[in-house]
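Colleague: This is a predicted model, with the sequence first.
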Amino acid sequence: MSQDTIVVCGAGIAGLAAAVGLFKKGFRVSLLGPQVALPPARDDAYHPRVYAISQASQQFLAQLGAWRLMDARRVTAVESMQVFGDASGEVNLHAWQAAQPALAWIVESGELERALRQVADVLGVPWHGEALRSLEPGAVVAESGKRLAADLVVGADGASSAVRAAAGIAHHSSPYGDTGVVTHLDAELPHQGAAMQWFMGDSVLALLPMPDTAAGAQVSMVWSMPAGKAETLLALPAQEQAQWLEARLAHATQGALGRLKVRSPVFGFPLFLEHSDMIAPGVALVSDAAHRVHPLAGQGLNLGLGDVQALVEVLAQKEAFRRAGDLAVLRRYRRRRAEPLLAMRLATDGLHRLFSVQAPPIAWARNAGMALVDRAPLLKQLLIAGAAGRQ
């Protein structure tokens, strides 16, 4: 076992994955973060937040031992994707076009956490169930005053990262002025494993395939819309929220899945474009603590798991004479993540900006471009490879 001591701050998906991955590589790892109780899984009841897990992320979760622990009945393979522009543009992607079993897998946040917690428990990863108070040279101080030695602190504590603030890591944040509105819907027609997305000028609507329920087909809705419009919706009573959404969904989707009915509470979260310097002496940030992108590509968690995998590999490959918190080592981690993070930031922000412009020549060009891509098998293969996380 390595003599390096690592404290992972944050006990969500990224933090648990980091702790498990580093523990399996022989590091002395502990988790620091509140132990929030996970409600038991119930038939026909699904966590409000779901993720599209890429092929690369699925393989990493399998390496950690978490993927096989998830209930297969609650995991939905995305076999195809239809993307509609704001005019005649359309792109259709199918897993078979790249000889893949699926484009992605839709998984509930709660199921991912539950599986990773089980792995951590089996491995015996120490878990200190409290929040961070401060950082000291070579240690972290918990809320209770407990001092934990740390050659490296991994900040996996979310967008409002206390680790990032305590370490003084530069952070850049730009609000989109939009809100992501999420809920689950009953669909009149079967989704057939297809994810669907509509670009509509001031908003982007995505419907993700979910497991069927007793009521029939189910999809998860992610609708990024102007903050003012979302505030109006979220201020309504539940029944009026459902009526508001169902009327606008019928118009937006043109009946692609038949009638859509709201089946779960409606939530909203503000959208930001964020990036940071990611490292400081003895500190490395991962996932939302390090960066956030627009959710239109569904790649936020995949980027975070990519951070974790890269950090684990870099630390496992470091020279024996270097400590885990050595800046020379941490710079390797930052370099490894620089290209994929920049590419995704430019792609998601660029698409958002492109479809926000309503000038007729721009609108015509973007829809014509989509039509061109839809007729180009090689371009489709490249898009699928990028979404899968393959370099």
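Modeller: Thanks, I have the structure now.
Colleague: Would you mind giving both backbone torsions of Ser98?
Modeller: Careful, residue 98 is Ala; it's not Ser. phi -120, psi 20 (degrees, to the nearest 10).
Colleague: can you pull the contacts of it?
Modeller: Residues near Ala98 by CB atoms under 8 Å, 6 or more residues apart in numbering: 380-381, 384-385, 388. Just so you know, the C-beta spots here come from the backbone N, C-alpha and C atoms, and that holds for glycine as well.
Colleague: Closest to Leu301 out of those?
Modeller: Distance to Leu301 across the contacts of Ala98 (CB to CB) is lowest for Ala388, with 14.3 Å.
Colleague: Report the beta-bridge partner residues of Ile106.
Modeller: Ile106 has these beta-bridge partners by DSSP bridges: Ala52, Thr76.
Colleague: what about it, how many neighbours?
Modeller: Using other CB atoms under 10 Å, Ile106 is surrounded by 23 other residues.
Colleague: how close does it get to Val78?
Modeller: Using CB to CB, to the nearest Å, one gets 6 Å for the distance from Ile106 to Val78.
Colleague: likewise Ala194?
Modeller: Distance from Ala194 to Val78, by CB to CB: 7 Å.
Colleague: hey, what's in contact with both of these two?
Modeller: Pro209.
Colleague: what residues are shared contacts of Ile106 and Val78?
Modeller: 52, 195, 208-209.
Colleague: out of these, what pair is the most spread apart?
Modeller: Across these, the longest distance by CB to CB is 10.0 Å; it joins Ala52 and Pro209.
Colleague: Give me the common contacts of these two.
Modeller: Overlap between the contact sets of Ala52 and Pro209, as judged by CB under 8 Å, 6+ apart, is given by 78, 106, 195.
Colleague: wait, doesn't Leu148 sit right on Cys9?
Modeller: No - assessed by CB atoms under 8 Å, Leu148 is found out of contact with Cys9, at 9.8 Å.
Colleague: more neighbours, these two?
Modeller: Taking neighbours as other CB under 10 Å, Leu148 and Cys9 compare with Cys9 leading, 32 against 18.
Colleague: Now do the helices in the stretch 51-200 of the chain.
Modeller: 55-64, 109-123, 162-167 (DSSP state H, counting those that start in this stretch).
Colleague: closest one to Asp307 among those?
Modeller: The closest of those to Asp307 is helix 55-64. By CB to CB, the value is 10.9 Å.
Colleague: what sits up against the closest one?
Modeller: Residues outside helix 55-64 that contact it (CB under 8 Å, 6+ apart) are 17, 20-21, 24, 53, 67-68, 100, 102, 104-105, 112, 115-116, 119, 301-302, 305-306, 308-309, 388-390.
Colleague: buried sites along the longest strand that the chain contains?
Modeller: Assignment by DSSP state E gives strand 171-187 as the longest strand of the chain. Going by neighbour count (16 or more other CB atoms under 10 Å), the buried part of strand 171-187 is 171, 176, 178-187.
Colleague: what lines up beside that strand in the sheet?
Modeller: strand 216-226 (antiparallel), strand 260-262 (antiparallel), strand 267-276 (antiparallel).
Colleague: what's the average pLDDT for the next helix or strand after the longest one?
Modeller: Right, strand 216-226. Note on strand 216-226: by DSSP states H and E, the next helix or strand toward the C-terminus is helix 227-234. What helix 227-234 shows for mean pLDDT is 97.
Colleague: How about stretch 297-305?
Modeller: The model assigns stretch 297-305 a mean pLDDT of 92.
Colleague: Isn't Arg337 up against Gly304?
Modeller: No - with contacts counted by CB under 8 Å, Arg337 stays clear of Gly304, the gap being 10.5 Å.
Colleague: Give me the more crowded residue out of those two.
Modeller: Gly304 (26 against 21).
Colleague: would you say that one is within a strand?
Modeller: No - counting by DSSP: H, G, I helix; E, B strand; the rest coil, Gly304 is located in no strand; its state is helix.
Colleague: That one reaches Leu16, doesn't it?
Modeller: No - here Gly304 does not reach Leu16: they are 11.5 Å apart, not a contact under CB under 8 Å.
Colleague: Which residue, neighbours along the chain excluded, lies closest to the spatially most central residue of the chain?
Modeller: The residue lying closest to the centre of the chain (CA atoms, centre = their mean) is Leu301, at 2.3 Å. Nearest-residue entry for Leu301: Tyr51, 4.6 Å, with adjacent residues in sequence omitted and distances by CB to CB, 6 or more residues apart in numbering.
Colleague: Give me the distance between that neighbour and Ala343.
Modeller: 20 Å.
Colleague: low-scoring stretches of the chain, by residue?
Modeller: Low-confidence segments of the chain, defined by pLDDT under 70: 1, 388-391.
Colleague: Enumerate every residue touching the residue nearest to Leu301.
Modeller: Counting by CB under 8 Å, 6+ apart, Tyr51 has contacts 106-109, 112, 298, 300-302.
Colleague: Could I get those in a markdown table, plus columns for distance to Arg332?
Modeller: Formatted as a markdown table, the contacts of Tyr51 follow (distance: CB to CB, whole Å):
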| residue | distance to Arg332 |
| --- | --- |
| Ile106 | 33 |
| Val107 | 30 |
| Glu108 | 34 |
| Ser109 | 30 |
| Leu112 | 27 |
| Gly298 | 28 |
| Gly300 | 24 |
| Leu301 | 23 |
| Asn302 | 21 |
